[in-house]
Structure formats: structure tokens, C-alpha cells
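# Sequence first, predicted coordinates after that:
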Amino acid sequence: MPLWIFRASALLGIPFLVYVFLAKDLYSVLLAFLCGVVIVCAETFLRSFRFSAVMIAIFGGLCGYLIYLACDYVVLKLNVPDILEGWASYKTIFAGVFVLIGSFLSIIKSSELEGISKKGRHLKVTDISALIDGRIIDVCETGFLSGTIVIPQFVIAKLSELASSKDLLEKARGRRGLDIVSRLKELKNIPVKITSKSFKSTSLQENVVLLAKSLSAEIVTIDFNINKIAILKNVNVLNISDLTTALKPVVLPGETMALFVMKEGKEKEQGIAYLDDGTMVVVEDGKRFIGKRAEVSVYSILQNSTGRMIFARIKQQED
């Protein structure tokens, strides 16, 4: 509320004071109103930009002024009377134009120069494994991932390197990652930012963690090694593989189900079957049912960071 009072005072109060105490002509009142607009715009500018962005704008203005000085030097060296006369007449205007253009361009590019203009857990930094995996698209489209997706430029560079590799597998992985980047940019329900901010680290994984820490952001990954590095750096991680595991149907010991035994297991007489979600089921004495559907009873479930494995017996043997 005080903010709107300030703006209303600037836009209405200044013209009113000018009209009452200084001049009662329309020109003075209009000029006072324009001063109020400038004040409100300046206030909005300072609220919407961080201090670093303002410093970038000043730096851009200085660069513009240096370009003006270089042009002034060239004009003086040319020593063409007509050009010198025109330049001398509008030197101040030219200087102002160069400064404004430099500031304006630097403000437009400020988010790239800074990396990202804002910080917080609403930022989600993606690593190379999440982009190659591709399930991040589904998570975003269903609305389970909110905020802003941040893709580091060094990750895109690594994907481009893989895409141009002579190894067919690496080439396919790189192209898939770049395709996922393109699809993320096309999303309408979640913004995507690319940052050139990087750190002097030999490891791509550590670079991602350091970037997320500097932005107070979270990491979206499927790489278990990043989890370990992030824990040491006190960075929160959203592991898509963990999410997939958590959303798998609950299977309890003692539950029975009918499964198609597909192949032989590692141990003697074992058979291997799979649930609809891809979870592997080790069936004891299931070798003789390979290629057939058998009713099994679950007796144990092994859960770890890499996934879930279910152990079951043929139901007929328990009756």
C-alpha cells in the first residue's frame, strides 16, 4: 500500500504543488507530471533489478562512452571540414546516444552476464544425465516440477561434443540430450533459462553442484554420484529415478500375482519375470516355467538407490 501512495504522490502530488505554488500554466503542470513519471520509472527500475544488474548497466554506459571517444578521435584525425562541423554541433547528443545504447544493450544481456538474475529453490539446475534420460520432459508437462529450469551452457557444450563423437552410442546420447533441451525450451508452463556461469572444476558433476549452490537452487538429475557430491555441498537434489521408484505400484510380501517368466536367472532353477513398470522379479524354481505364465507369491523385496528387486516363489509349491 505505501508503494502505491508513493507513486500516486509522484504522479499527482508534484503537478499539484507546481500548480499551486509555482506556475498555473498547462506547460508547467505537464512538465511536473513528466518528472513524476520519471521518478516512478526510476523506482520501478531499482525494484526490478538487482544491484549487480545496475552495475552492469553503468558498465555498458561506460563502454558506450569509450566508443564515442574512439569515434571522436577518428573524426578529428579525418579532419574533413563538413564532418567536423556536423560532429561538433551534435557531440553532446552523440555522446548521450552511445551511452544509452551501451546501457540498454547491457541491461538486455544482464541475465546472461550475471548467469541468472534471481536466486532460490524455484530454480532447478539440470545436469547432463537428466537431459539424456529425457523423463524430465514428462515431469514438467504433468506439472510435478515447478519454477524455472536452468540449463548450464557447459552442459550443452558437452552434449554438442557427444553429438559430434564418432562413437555411435555417444552420438545418440548427445543428440537425444540436445533434442530434450529444444523440447524444454518449447514448454509453455515452465520457463527455461540458459546460463553461461561456470566454475573452475575438472568434473562436470562438481561444476553442476557448484552452480546450483551459487544460485541456492536444486539439482534435477538421475546420477547417483551427483547426490553424494551435493550432500557434501549441502545442495538439495531432485532425483528422477527416486521419483520413479517412489511411484511404482506397492507390492507387499505375501501378495500373489500372475507373471510371465521370460528367462533363466543367475542361480540354479531361478526364473526371471518383470512387472508392467519394468521391476525385475526373481522367481525361485521358475526355470521350468520359462515361456509360460505362472502364479507366484512374493516373499521378499530388496530396495536400494538403483531400484527395486522382488523375490517370489511359485504359488503351487506352497499349497
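Thanks, I have the structure now. Not measured: the values here are computed from a predicted model.
# For the most centrally placed residue in the chain, what is the enclosing helix or strand?
Nearest to the mean C-alpha position of the chain, counting by Cα atoms, centre = their mean, stands Val150 at 1.2 Å. Using DSSP states H and E, Val150 falls within strand 148-152.
# what lines up beside that strand in the sheet?
Within its sheet, strand 148-152 is paired with strand 123-126 (parallel), strand 192-195 (parallel), according to DSSP bridges.
# For it, C-alpha coordinates in PDB please.
C-alpha atoms of strand 148-152 as PDB (Å, rounded to 0.1, in the frame of the first residue of the first chain):
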ATOM      1  CA  THR A 148      12.500 -22.200 -13.600                       C
ATOM      2  CA  ILE A 149      14.600 -24.800 -15.400                       C
ATOM      3  CA  VAL A 150      18.300 -23.700 -15.600                       C
ATOM      4  CA  ILE A 151      20.500 -25.400 -18.200                       C
ATOM      5  CA  PRO A 152      24.200 -24.600 -17.900                       C
END
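# can you list contacts of that strand?
Contact with strand 148-152 is made by 116, 122-126, 131, 136, 140, 181, 184, 190-195, 197-198, 207-208, 211, 215, 217, 220, as judged by Cβ atoms under 8 Å, 6 or more residues apart in numbering. C-betas here are computed from N, CA, C, even on glycine.
# can you do 6 Å?
Applying Cβ atoms under 6 Å, 6 or more residues apart in numbering, the contact partners of strand 148-152 are Leu123, Lys124, Val125, Thr126, Leu184, Pro191, Val192, Lys193, Ile194, Thr195, Leu211.
# Am I right that the last one falls within a strand?
No - judged by DSSP: H, G, I helix; E, B strand; the rest coil, Leu211 forms no part of a strand; its state is helix.
# give the contact list for it.
Val125, Pro152.
# Tell me, how many residues neighbour Met262?
Met262 has 15 neighbours, counted by other Cβ atoms under 10 Å.
# What of the one 10 residues further on?
Other residues near Ile272 number 18, with proximity taken as other Cβ under 10 Å.
# so it touches Lys266, yeah?
No - contact status for Ile272 versus Lys266: not in contact, 8.8 Å apart, counting by Cβ atoms under 6 Å.
# any idea how far Thr221 is from Leu210?
14 Å (Cβ to Cβ, to the nearest Å).
# Could you do Val97 as well?
Counting by Cβ to Cβ, the gap from Val97 to Thr221 is 47 Å.
# Look at those two and report which has more neighbours.
Per other Cβ under 10 Å, whichever of Val97 and Thr221 has more neighbours is Thr221, with 29 against 13.
# Which segments of the chain make up each domain?
What automatic domain parsing lists as the domains of the chain is 2-113, 123-246, 256-318.
# what are the ranges of the strands in the stretch 151-300 of the chain?
192-195, 218-221, 237-239, 256-264, 271-274, 280-284, 293-304 (DSSP state E, counting those that start in this stretch).
# Share the number of residues neighbouring Leu243, please.
Count around Leu243 with other Cβ under 10 Å applied: 15.
# what does the model give it for pLDDT?
Looking at Leu243, its pLDDT reads 80.
# again, but for Gly271
Per-residue pLDDT puts Gly271 at 90.
# hey, least reliable of the strands paired with strand 148-152 by pLDDT?
Taking the mean pLDDT of those, strand 192-195 comes last: a mean of 86.
# got the CA coordinates for that one in PDB?
Coordinates of each C-alpha in strand 192-195 appear next as PDB, following Å, rounded to 0.1, in the frame of the first residue of the first chain:
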ATOM      1  CA  VAL A 192      13.800 -22.300 -19.200                       C
ATOM      2  CA  LYS A 193      16.900 -20.300 -18.800                       C
ATOM      3  CA  ILE A 194      20.400 -21.000 -20.100                       C
ATOM      4  CA  THR A 195      23.300 -19.600 -18.100                       C
END
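# Pick the most buried one from the strands paired with strand 148-152.
strand 123-126 (a mean of 25; mean count of other Cβ atoms under 10 Å).
# Rounded mean pLDDT for stretch 254-265, please.
87.
# starting at the chain centroid, how far to that stretch?
Relative to the chain's own centre, stretch 254-265 is displaced by 42 Å; criterion: Cα atoms, centre = their mean, to the nearest Å.
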